[in-house]
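Q: With the sequence up front, the predicted model follows.
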Amino acid sequence: MIRALVPLPVVVPMIAAALVSAIRPFVPRWTAAALFTLGAAFNVWCTAMLFAATTHAPLVYWFGNWWPRGILAVGECFVIAPLPALVALLVSTLTLFASIQSWQLKPAASHLEPLMLLFMAAMCGFVYAGDLFNLFVWFELMSASAFALCGLKTAEPAPLQGAFNFGLTNSVGAFFIITGLALVYARTGALNMAQIGATLTAKADSLVLVSFLLMTVGYMVKGAIVPFHLWLADAHAVAPTPVCVLFSGVMVELGIYAVARLYWAMFEGSLATYGDGLRAIYVSLGTVTAIVGGLMCFAEHHLKRLLAYSTICHAGLMLIAVGLFDSAALGGFLLYVVGHGLVKGGLFASAGIVLHRLQFVGEPKLHGRGRGLVWTPVLFMAGAAGLAAVPGFLLETGESMMIRAATPFHFGWIRWIFFFGSVSTGAAILRFSFRTFFGWGAPSPADAASRVDEKQETVEEGRKVPACMFVPAALMIGLAAMLTFIPSLSEVADSAGHRFADRPAYIATVMHGAALEMSQFQALPSQGGGTIRSTLAGAAAVLLALATVWRRQSHLSGVLEHLECGVPVLRHWQSGHAGDYVLWLTVGTTVIGGCFVLLLH
Amino acid sequence: MGHFMYGVAAWVFLWGLYGIVSSRNLVHQCVSLAILQTSTYVLLLGIGYRTGGTAPVFADIPVGTLVVDPIVQSLMLTDVVVEVTVLALLIAMVVKANELAGTVDPEELRVLTG
């Protein structure tokens, strides 16, 4: 019975999308909005059922009953293990909240509903796909609907620029992926990930390494890893707010997820001997990303761009977890992805409220204008606490699990990268809230992006914050805190991570339909100091935000001034040209390739 | 034949990248993207090529005849379809940008920086 549900999270939203676009011209707008919300709600139910079913054994679904013949996979399959199932549930949940928020949007953005349904279907297909080329096709469907969603506000120049840069950069990334895919097919003659994993057992030669490099680079473009991150701020700053919820909440994370999926399903056998070199490369990439994202986040004064840079920072932290290439880190990664998605979705939804009530998203213009808002500042404060990973939020649980997994590899220092990421992103949001909602301190300095205004995207209704905007935001941030009360949460995540990384079991399940007992794993010993560090990070974020706002009275005003204006090189890097972004993509690939040559032998 | 195809694929790939990076015209940039994409066709077909192989249609040839790999051909077709969508979308954005600003030079269209 439960097997029949497997294709539905993809099929139902696609049918709903077609239906919505067909009937939209003839029916009142609320019908389309209701269909959108219903479709998303159905997906939440369906993905939740599938997640519940996978806790016993992974589900494998072969389309058209094209079972594998011996060691040859001839059909396409969806493989639903606990980790992908939970990510798909997150996708659907965020889409449901975004759909509720979109009720308030002006009807001009009415292509939104079918595109969002397609986007959700593609993301669910992407996480479930068990076939390498299928993964690529879902990726492209997800990208194409994302480009269109990003450029929905075609009446303004900034969205066109953002969507074009997004589309061009990500398409180049997609060609990197398909080149890598072709190379791995040339070597193995297979496209099913389990079959490739069963074939690639010998130590990887240069062809396999190049293929791994190209595919991970392609997915890291989507995952906004420095130096492939440049498109993200342009795109996230201009999309309609409900779309931003999905962009920052899940789409970027799916790029990092794909890196993990590629490694654990296919390349682990042939790359395991290169472990140390690979760890060094991918953890460094994550570290640089977290630092660049954190610095730029604190220096940004356009609310949506500020949140976009914090996404870059957190994507870096997630890549550190995946880049350890150790199964013990994946449980923490999973919790971090879920927690971050909920908090960031909630913060973008709150940014939508600011745009709705105050008409601007630039910090200089907003100074003190938000004094009349009572509950919205609470959302921002709670969101900032969540991003700063203070105890009581899902991010803190995930963070401490990832740091614990890193310690055996002498990567214990990454705790300070996590600390930096927490403080810089948390402080940036707190600083914004202090100035906007309380009018504290002097108005913020204006940078180029903060002067770019956004047209009103929502229907004006009296002087209240509409419930359909406030409730989803509050629920998302609340969920990120409430989920920590689930007993044995970290055990469930840990076991999901280990199952995800168990390649022999994965191959046996997919190719032979055998529900193998998972090999036993040692739970990591808990480590003291995590809670203290997270609390300190929260306190440091508050202090930094207060000091920045009231810096006139402080001895450190010069330093804070520089911090808030940002590093000039990093600012100029963000040139706004798609051509420059592709140049950096090429340079980055060459540099990582060079590191492969130097470190992997 | 074998290695020559891979050389052609790499050559086209790099020229496509060069076109995107150096271009100061959005339409030209989209065309460069299409060129970059052609390199993946060459690569895929090169991988599936078998010397002396015939078309993989078993309607009028005996089973067991040497044929070229049909899987990469279907991958290539899917790739064409997928990327045409993306390219059409990008071109549509360029048209919109031209309507809005009267130019297709990315330098003049630039709003967001830093």
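A: Perfect, thanks for sending it. Numbers count the residues shown, from 1 in each chain, chains lettered A, B, ... in the order given.
Q: Now do the phi/psi pair for B:Thr51.
A: phi -60, psi 130 (degrees, to the nearest 10).
Q: Neighbours of it, how many?
A: Number of residues near B:Thr51 (other C-beta atoms under 10 Å in any protein chain shown) recorded here: 8. From N, CA and C alone the C-beta is placed, and that goes for glycine too.
Q: Please report the distance of it from chain A.
A: 16 Å (C-beta to the nearest C-beta, to the nearest Å).
Q: In the stretch 101-250 of chain A, where is pLDDT below threshold?
A: The model of the stretch 101-250 of chain A has pLDDT under 70 over residues A:107-110.
Q: Flag every residue of the stretch 301-450 of chain A that's near chain B.
A: A:Arg305, A:Asp447, A:Ala448, A:Ala449 (C-beta under 8 Å from any C-beta of the partner chain).
Q: who wins for neighbours among those?
A: Counting by other C-beta under 10 Å, top hit in those: A:Arg305 with 27 neighbours.
Q: quick one: low-confidence parts of chain B?
A: B:1-2, B:114.
Q: quick one: buried residues of the helix ranked longest in it?
A: Across chain B, the longest stretch assigned as helix under DSSP state H is helix B:70-101. For helix B:70-101, burial by neighbour count (16 or more other C-beta atoms under 10 Å in any protein chain shown) applies to B:71-73, B:75-76, B:78-79, B:82-83, B:85-87, B:89-90, B:93-94, B:96-97.
Q: can you check stretch A:480-499 too?
A: Those would be A:480-481, A:483-484, A:489-490, A:492-499, for stretch A:480-499 by 16+ other C-beta under 10 Å.
Q: In the helix or strand bottoming out on mean pLDDT in chain A, which of the residues would be classed as buried?
A: Of all the helices and strands that make up chain A, helix A:557-565 has the lowest average by mean pLDDT, DSSP states H and E, namely a mean of 81. For helix A:557-565, the neighbour count (16+ other C-beta under 10 Å) marks A:Leu560, A:Leu563, A:Glu564 as buried.
Q: now stretch A:17-36
A: A:Ala17, A:Val20, A:Ser21, A:Arg24, A:Ala32, A:Ala33, A:Ala34, A:Leu35, A:Phe36.
Q: same question, stretch A:191-210
A: Buried residues in stretch A:191-210 (16+ other C-beta under 10 Å): A:191-200, A:204, A:208-210.
Q: In helices, which of those residues appear?
A: Per DSSP H, the buried residues of stretch A:191-210 map to helices at A:Met193, A:Ala194, A:Gln195, A:Ile196, A:Gly197, A:Ala198, A:Thr199, A:Val208, A:Leu209, A:Val210.
Q: Turn the residues you listed into TSV, including distance to chain B.
A: Formatted as TSV, those follow (distance: C-beta to the nearest C-beta, whole Å):
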residue	distance to chain B
A:Met193	15
A:Ala194	17
A:Gln195	13
A:Ile196	13
A:Gly197	18
A:Ala198	18
A:Thr199	15
A:Val208	15
A:Leu209	16
A:Val210	11
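Q: Please tell me how far the residue sitting furthest away from the middle of chain B sits from A:Ala385.
A: Relative to the mean C-alpha coordinate of chain B, counting by C-alpha atoms, centre = their mean, the farthest residue is B:Pro62 (33.9 Å). Going from B:Pro62 to A:Ala385 by C-beta to C-beta, to the nearest Å gives 71 Å.
Q: I'd like to know the phi and psi angles of B:Thr103, please.
A: The phi/psi pair for B:Thr103 (degrees, to the nearest 10) is phi -150, psi 160.
Q: Repeat that for A:Pro443.
A: phi -60, psi 150.
Q: swap in A:Asp131?
A: phi -120, psi 140.
Q: Might one say that it is in contact with A:Ala190?
A: No. At 9.5 Å, A:Asp131 and A:Ala190 do not qualify as touching, with contact defined as C-beta atoms under 8 Å.
Q: between those two, what contacts are shared?
A: Residues within reach of A:Asp131 and of A:Ala190 at once, by C-beta atoms under 8 Å, 6 or more residues apart in numbering or on different chains, are A:Ala73.
Q: what's the neighbour count on residue 63?
A: Going with chain A. Applying other C-beta under 10 Å, we find 13 residues neighbouring A:Phe63.
Q: looking at chain B here, not the other one
A: Other residues close to B:Val63 by other C-beta under 10 Å number 5.
Q: just to revisit the earlier point, dump the ones in helices among the buried residues of stretch A:191-210 to CSV, plus distance to A:Arg69.
A: Listed next are these as CSV, based on distance: C-beta to C-beta, whole Å:
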residue, distance to A:Arg69
A:Met193, 17
A:Ala194, 14
A:Gln195, 11
A:Ile196, 16
A:Gly197, 18
A:Ala198, 14
A:Thr199, 15
A:Val208, 25
A:Leu209, 31
A:Val210, 30
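Q: Max pairwise distance over those: which two?
A: Greatest spatial distance in those: A:Ala194 and A:Val210, 22.2 Å, computed using C-beta to C-beta.
Q: Name the residues of the stretch 101-250 of chain A found near chain B, please.
A: Residues of the stretch 101-250 of chain A lying near chain B by C-beta under 8 Å from any C-beta: A:133, A:137, A:140-141, A:143-144, A:147-148, A:151, A:154-155, A:157-158, A:160-164, A:167-168, A:171-172, A:174-175, A:178-179, A:182, A:185-186, A:191, A:233-234, A:237-238.
Q: Return a ChimeraX selection command for the buried portion of the residues you listed.
A: To isolate the buried ones among those in ChimeraX, judged by 16+ other C-beta under 10 Å, type:
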select /A:133,137,140,141,143,144,147,148,151,154,157,158,160,161,162,163,164,167,168,171,172,174,175,178,179,182,185,186,191,233,234,237,238
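Q: Taking the centroid of chain B, which residue is nearest it?
A: B:Gln37 (1.8 Å).
Q: State the helix or strand in which it lies.
A: B:Gln37 is part of helix B:26-48 when elements are defined by DSSP states H and E.
Q: tell me what that helix is packed against?
A: helix A:157-188, helix B:2-22, helix B:70-101, helix B:106-109 (3 or more C-beta pairs under 8 Å, 6 or more residues apart in numbering or on different chains; DSSP states H and E).
Q: can I get the CA coordinates of that helix in PDB?
A: Once non-C-alpha atoms are left out, helix B:26-48 reads as follows in PDB (Å, rounded to 0.1, in the frame of the first residue of the first chain):
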ATOM      1  CA  LEU B  26      23.200  39.300 -23.300                       C
ATOM      2  CA  VAL B  27      22.100  37.600 -26.600                       C
ATOM      3  CA  HIS B  28      25.700  36.800 -27.500                       C
ATOM      4  CA  GLN B  29      26.100  35.300 -24.000                       C
ATOM      5  CA  CYS B  30      23.100  33.100 -24.500                       C
ATOM      6  CA  VAL B  31      24.500  31.900 -27.800                       C
ATOM      7  CA  SER B  32      27.800  31.100 -26.100                       C
ATOM      8  CA  LEU B  33      25.900  29.100 -23.600                       C
ATOM      9  CA  ALA B  34      24.300  27.100 -26.500                       C
ATOM     10  CA  ILE B  35      27.800  26.500 -27.900                       C
ATOM     11  CA  LEU B  36      29.000  25.300 -24.500                       C
ATOM     12  CA  GLN B  37      26.100  22.900 -24.500                       C
ATOM     13  CA  THR B  38      27.000  21.500 -27.900                       C
ATOM     14  CA  SER B  39      30.200  20.200 -26.400                       C
ATOM     15  CA  THR B  40      28.200  17.900 -24.200                       C
ATOM     16  CA  TYR B  41      26.500  16.500 -27.300                       C
ATOM     17  CA  VAL B  42      29.900  15.800 -28.900                       C
ATOM     18  CA  LEU B  43      31.100  14.200 -25.700                       C
ATOM     19  CA  LEU B  44      28.100  12.000 -25.300                       C
ATOM     20  CA  LEU B  45      28.000  10.800 -28.900                       C
ATOM     21  CA  GLY B  46      31.800  10.200 -28.800                       C
ATOM     22  CA  ILE B  47      31.400   8.000 -25.800                       C
ATOM     23  CA  GLY B  48      28.700   5.900 -27.500                       C
END
